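Novice: have a look; sequence and predicted model below, questions after that.
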Amino acid sequence: MNRKQRRRLAKSASSVAAGSGPGPASPAFDAGDALALLSGLVRQVRPAAVTLPEAAPAVPTERAPPVPSLDPQARDENIATTCYYLAMDALRGGRTPETLARAVAAVAAHADRLWAEARREVEAGDKPKIACKAGCGWCCHQTITVAPVEAVAIAAHVRDKFTAEARTALHQRLAAFVEQIGALSAAERARRQVPCSYLVDGACSIYEVRPLRCRGVHSRDVGHCIWRYEYPDAARTDGRSRVGAGPYVVESARIMNAALAGLARACRDLGLLVDSLDIEAATHAALDTPQVEARFLAGAPVFSGLIKGSQTA
Ligand code: SF4
């Protein structure tokens, strides 16, 4: 091979590594490629570092560069795949309460980071800003579903972080909910305006470990959220809520859904349950199970009786 050919080969190899060369957008890979894949994903969701000329002003450190656009489906798949490997990586350290908590936390932290980056673009220009703020819980009055692994992580958090009084109060709320509301349809529950059992004094009492689906809900119009709360039947049949996303931000929902899909994929590969469960029923069962993390990770039927057949991913 002469010098010219070597130069051409080196140039083509570096362009493929940077994701700009020819070849499939989502290359096939196996577990052995995980590290390279993760690096590749980071490169796709965050621009590569650039070398500035000496005279250039310093890049402000508090604002990351804008996130480059990707085809939404490819980007969702990237998020799901990264979350899959984050969860697998944590759980490969052994099936222990610590690794389970670490897997769920790693996925949530990654998704939160992506949303924090995307949020700047979502709120850019003259679009209405996101109206959500502490103490506003209008959206916490509907059926919330979680992955079983999330329910176990929430139960462990309650067991380890709540005071004895808060645990007892929660247990009473959950037991009453399961008995009186558990069998109702989502529509009937919305009509009764029942708050989530984790909503305490207008705030989420498990904010740190709240489900991914909750992390995905952001509204640009609190008036719409109140209207949905007060007129749930109208909200269900009104064209506005069926045709479009209304004031709800699609970007955050997509990020969290993709992260949930990745987490569920890891659970499935490890032989763990991946159904979609109501948060109250699932965490009630998990809290009533001694050593719930160990039992769940060992495949014990912690959630038997709650399975509705719909899978998280
Ligand atoms: S878990 Fe927290 S954020 Fe989610 S619905 Fe319940 S109170 Fe709201």
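Specialist: It's in. Residues are numbered from 1 along each chain as shown.

Novice: what's the first helix or strand after the helix or strand harbouring Ala74?
Specialist: Under DSSP states H and E, the secondary-structure element containing Ala74 is helix 72-91. Stepping forward along the backbone from helix 72-91, the first helix or strand reached (DSSP H and E) is helix 97-122.

Novice: quick check: buried residues in that next one?
Specialist: For helix 97-122, the buried set under the neighbour-count rule, 16 or more other Cβ atoms under 10 Å, comprises 97, 99-108, 110-112, 114-115, 117-119, 122. To be clear about C-beta, it is placed using only N, CA and C from the backbone, and glycine gets the same treatment.

Novice: hmm, it touching the ligand?
Specialist: No - contact of helix 97-122 with the ligand is not found when judged by Cβ under 6 Å from any ligand atom; the minimum separation is 12.4 Å.

Novice: following that helix, which helix or strand shows up next?
Specialist: Immediately after helix 97-122, counting by DSSP H and E, sits strand 145-146.

Novice: what's in contact with that next one?
Specialist: With Cβ atoms under 8 Å, 6 or more residues apart in numbering as the contact definition, strand 145-146 has outside contacts at 154, 211, 213, 276-279, 282-283.

Novice: quick one: strands adjacent to it?
Specialist: Based on DSSP bridges, the pairing partners of strand 145-146 within the sheet are strand 277-278 (antiparallel).

Novice: which bits of the stretch 1-150 of the chain sit near the ligand?
Specialist: Of all the residues in the stretch 1-150 of the chain, those lying near the ligand are 137, 140, 144, going by Cβ under 6 Å from any ligand atom.

Novice: which of those sits closest to the ligand?
Specialist: For those, the minimum distance to the ligand (Cβ to the nearest ligand atom) is 3.2 Å, reached by Cys140.

Novice: just to check, that closest one is in contact with Cys204?
Specialist: Yes - using Cβ atoms under 8 Å as the test, Cys140 is close enough to Cys204 to be in contact (7.0 Å).

Novice: got any residues that touch both of these two?
Specialist: Listed as contacting both Cys140 and Cys204 by Cβ under 8 Å, 6+ apart are 196, 198, 214.

Novice: the first one: which element?
Specialist: Mapping Cys196 onto the secondary structure by DSSP H and E places it in no helix or strand at all.

Novice: measure it to Ala101 for me?
Specialist: Counting by Cβ to Cβ, to the nearest Å, the gap between Cys196 and Ala101 amounts to 21 Å.

Novice: repeat for Arg95
Specialist: Distance, Arg95 to Ala101, by Cβ to Cβ: 12 Å.

Novice: output stretch 205-217 in PDB with nothing but the alpha carbons.
Specialist: What follows is stretch 205-217, C-alpha atoms only, in PDB (Å, rounded to 0.1, in the frame of the first residue of the first chain):
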ATOM      1  CA  SER A 205     -42.500  12.300  48.700                       C
ATOM      2  CA  ILE A 206     -40.300  10.000  46.600                       C
ATOM      3  CA  TYR A 207     -39.100  12.700  44.200                       C
ATOM      4  CA  GLU A 208     -35.500  11.200  44.200                       C
ATOM      5  CA  VAL A 209     -36.800   7.800  43.000                       C
ATOM      6  CA  ARG A 210     -40.000   8.800  41.200                       C
ATOM      7  CA  PRO A 211     -40.900   6.700  38.200                       C
ATOM      8  CA  LEU A 212     -39.500   7.500  34.800                       C
ATOM      9  CA  ARG A 213     -43.000   8.100  33.500                       C
ATOM     10  CA  CYS A 214     -43.500  10.800  36.100                       C
ATOM     11  CA  ARG A 215     -40.200  12.400  35.000                       C
ATOM     12  CA  GLY A 216     -41.500  12.700  31.500                       C
ATOM     13  CA  VAL A 217     -44.500  14.800  32.200                       C
END
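
Novice: which residues does it contact?
Specialist: 104-105, 107-108, 111-112, 115, 132, 139-140, 144-147, 150, 153-154, 157-158, 162, 166, 170, 198-199, 204, 248, 252-257, 259-260, 263, 279.

Novice: picking up where we left off before, so how far is the helix holding Ala74 off the chain centroid?
Specialist: When C-alpha coordinates are averaged (Cα atoms, centre = their mean, to the nearest Å), helix 72-91 and its chain have centres 11 Å apart.

Novice: elements contacting that helix?
Specialist: For helix 72-91, the elements it packs on are helix 34-45, helix 97-122, helix 250-269, judged by 3 or more Cβ pairs under 8 Å, 6 or more residues apart in numbering; DSSP states H and E.

Novice: return the member of these having the minimum mean pLDDT.
Specialist: The stretch with the lowest mean pLDDT among those is helix 34-45, at a mean of 27.

Novice: and Ser252, what does it touch?
Specialist: For Ser252, the residues meeting the contact criterion (Cβ under 8 Å, 6+ apart) are 115, 118-119, 122, 215-218.

Novice: TSV for those, including distance to Ala187?
Specialist: TSV is the format used below for the contacts of Ser252 (distance: Cβ to Cβ, whole Å):
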residue	distance to Ala187
Trp115	29
Ala118	32
Arg119	31
Val122	30
Arg215	24
Gly216	21
Val217	18
His218	23
